[in-house]
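Undergrad: only geometry, no sequence info:
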């Protein structure tokens, strides 16, 4: 039997009078690569932020590692790669090394461990050569690699990804999905929100299709069910390609 | 120049400003909070006038009022979550309005008013210096203890929150410390120019630094050069210290932009 990492039950959230998430229930299992797709404004990012506790739910329960999200102490087991244009401060005058090491020191690691963990992460992502460069001076692809290195440096059990490939070229996107696939095989659980239906259906083992008043969760091999759900939420055949 | 006690006080106070303002300013700039310094400095003015009316030390009045102003910023930000700058505009206007109304009740303040607006080296008292030292120590202690958490939340607040950093608490304490910085800087650079001491040396440092730590260190060095130059010129040419300090820091900023441009 699969180990449940996150249990979401009857989750609801409203923006003013508009219901964004309504009575949603699902589980995230250890080792999952869970993809969430849906049109703009369907509540994908809201769902992810609710699951991380970044915004407060109106009702329902979210348990992570068998504890209520509100009382969760083991937050260092989580990592978050957000849609960079919305969240990261790109003009930040810090080097890649400072960003990665700083995030480790901020969550309680000592300098010796932080140095070792950073070195491993830079090595794993292959960006040793840019460690002393300022993050704002890097290309989009290099920045993305730095953010992945920052996310994996603390050896998280779950990585939450919000539109992680927006604004980066195809080569960097391919590298990104390849790296995430490798991490997933190594046991890291992934929860990814994306507008890229083909990428989600290709790389994820389970897919959430979310739309207005619609929420379906499918196993990857339920292709015809995924197609039906997507047709329902987008209002047309999406013709996605799985690789 | 240093044979005068008031100049010794001015230089000691100036060096504290040059240490604290860019240190706090680096985080203020990267967290895009520059307007908060401006808002609280205008609130400080009303505290000065109120203290004169009550017959107490102006810096204590400024400290009390800026802390209350900080609390009102939190309060209004909660009410206008989508439009946080509204809280700053309201606080800034309230500060100026309160100062102007209170001035109607006080004749004593008017003669010294320019020194509060633009700074004055001769007006710094020993009591001011003591308070500046205590507030500076509180800020240094906070930055030393929370440097990396502040760093993480400045770079990516959502990621920091997701990883369990107490973003709201640290953010609130940080705003109180901006109020402290305003009070520390008030007598040297003047209420109207306080935020420039938090911003301009950091802006110049960002042009030439290669890392976050270098930005802080260069910012402090640039501020120290500006403060020393400004206080010295203020003494010899009888100029307002605040304006002199800020003009020197702007000159350094222009040079740093020039060199960065030709380097490209």
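TA: Arrived safely, thanks for sending. In this text the structure is predicted, and so the values were computed from the model without any measurement. Residues are numbered from 1 along each chain as shown, chains lettered A, B, ... in the order given.
Undergrad: After the lowest-mean-pLDDT helix or strand in chain B, which helix or strand is next?
TA: The helix or strand of chain B with the poorest confidence is helix B:108-118; it has a mean of 71 (mean pLDDT, DSSP states H and E). Downstream of helix B:108-118, the next assigned helix or strand under DSSP states H and E is helix B:126-155.
Undergrad: The residue most central in space within chain A sits in which helix or strand?
TA: Nearest to the geometric centre of chain A sits residue A:161, at 1.6 Å (CA atoms, centre = their mean). Per DSSP H and E, residue A:161 falls inside strand A:158-162.
Undergrad: List the strands paired with that strand, with their directions.
TA: Partner strands for strand A:158-162, per DSSP bridges, with pairing direction: strand A:78-81 (parallel), strand A:189-193 (parallel).
Undergrad: Following the worst-scoring helix or strand of chain A on mean pLDDT in sequence, what is the next regular element?
TA: One helix or strand of chain A scores below all others by mean pLDDT, DSSP H and E: helix A:84-87, with a mean of 56. Sequence order places helix A:96-106 as the next helix or strand after helix A:84-87, per DSSP H and E.
Undergrad: now for the next helix or strand after that next one, which elements pack on it?
TA: Following helix A:96-106 in sequence order, the next helix or strand is helix A:111-125 (DSSP H and E). Under the contact criterion of 3 or more CB pairs under 8 Å, 6 or more residues apart in numbering or on different chains; DSSP states H and E, helix A:111-125 touches helix A:96-106, helix A:140-153. All C-beta spots, glycine's among them, are computed from the backbone N, C-alpha and C.
Undergrad: weakest of those helices by average pLDDT?
TA: Ranked by mean pLDDT, the helices and strands packed on helix A:111-125 bottom out at helix A:140-153, which scores a mean of 88.
Undergrad: Next, the angle from that helix to strand A:158-162.
TA: 150 degrees (axes from the mean of the first three to the mean of the last three CA atoms, to 10 degrees).
Undergrad: Going by neighbour count, list what's buried in helix A:140-153.
TA: Across helix A:140-153, burial judged by 16 or more other CB atoms under 10 Å in any protein chain shown covers A:141-153.
Undergrad: Contact residues of chain B facing chain A?
TA: Residues of chain B found near chain A (CB under 8 Å from any CB of the partner chain) are B:30-32, B:148-149, B:151-165, B:206, B:209-213, B:215.
Undergrad: which of those count as buried?
TA: Neighbour counting by 16+ other CB under 10 Å classes B:30-31, B:148-149, B:151-165, B:206, B:209, B:211-213, B:215 among these as buried.
Undergrad: and the residue of the stretch 51-200 of chain B found nearest chain A, what does it touch?
TA: Scanning the stretch 51-200 of chain B for proximity to chain A using CB to the nearest CB identifies residue B:164 as nearest, at 3.1 Å. Counting by CB atoms under 8 Å, 6 or more residues apart in numbering or on different chains, residue B:164 makes contact with A:72-73, A:75-76, A:107.
Undergrad: Validate this expectation: residue A:40 resides in a helix.
TA: No - counting by DSSP: H, G, I helix; E, B strand; the rest coil, one finds residue A:40 to be coil, located in no helix.
Undergrad: Where does the closest residue in space to residue B:218 that isn't next to it in sequence fall, secondary structure wise?
TA: The spatial neighbour of residue B:218 that comes closest, neighbours along the chain excluded (CB to CB, 6 or more residues apart in numbering or on different chains), is residue B:205 at 3.7 Å. Residue B:205 belongs to helix B:194-208 when elements are defined using DSSP H and E.
Undergrad: other SSEs contacting the helix or strand following that helix?
TA: From helix B:194-208 onward toward the C-terminus, using DSSP H and E, the following helix or strand is helix B:212-237. Judged by 3+ CB pairs under 8 Å, 6+ apart, helix B:212-237 is in contact with helix A:96-106, helix B:5-30, helix B:194-208, helix B:241-263.
Undergrad: Now do helix B:212-237 and helix B:241-263, the angle between them.
TA: Using the same axes, to 10 degrees: helix B:212-237 against helix B:241-263 is 130 degrees.
Undergrad: Settle this for me: residue A:173 is touching residue A:163, isn't it.
TA: No - counting by CB atoms under 8 Å, residue A:173 does not reach residue A:163; the two are 11.6 Å apart.
Undergrad: out of these two, which sits in the busier spot?
TA: Shown here are residue A:173 and residue A:163; by other CB atoms under 10 Å in any protein chain shown, residue A:163 has more neighbours (20 against 17).
Undergrad: you'd agree that one is up against residue A:83?
TA: Yes - shown here, residue A:163 and residue A:83 form a contact pair, counting by CB under 8 Å, at 4.2 Å.
Undergrad: what touches both of the two?
TA: In contact with both residue A:163 and residue A:83: residue A:45, using CB under 8 Å, 6+ apart.
Undergrad: ok, now which ones touch residue A:207?
TA: By CB under 8 Å, 6+ apart, the contact set of residue A:207 is A:34-37, A:200-201, A:217-218, A:220, A:226.
Undergrad: typed the wrong thing, it's residue B:75
TA: Residue B:75 touches residue B:87, counting by CB under 8 Å, 6+ apart.
Undergrad: mind redoing it with 10 Å?
TA: Neighbouring residues of residue B:75 by CB atoms under 10 Å, 6 or more residues apart in numbering or on different chains: B:87, B:91.
Undergrad: now the strand or helix carrying it against helix B:126-155, angle please.
TA: Secondary-structure assignment from DSSP H and E places residue B:75 in helix B:58-79. Going by the same axes, to 10 degrees, helix B:58-79 is angled at 20 degrees with respect to helix B:126-155.
Undergrad: I'd like the distance between residue B:196 and residue B:17.
TA: Distance from residue B:196 to residue B:17, counting by CB to CB, to the nearest Å: 11 Å.
Undergrad: Could you name every residue contacting both of the two?
TA: Shared contacts of residue B:196 and residue B:17 (CB under 10 Å, 6+ apart): B:185, B:189, B:226, B:245.
Undergrad: Just put the residues you listed in CSV and tack on neighbour count and pLDDT.
TA: Formatted as CSV, those follow (neighbours: other CB atoms under 10 Å in any protein chain shown; pLDDT from 0 to 100):
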residue, neighbour count, pLDDT
B:185, 33, 88
B:189, 31, 85
B:226, 30, 95
B:245, 34, 92
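Undergrad: Thanks a lot, catch you later.
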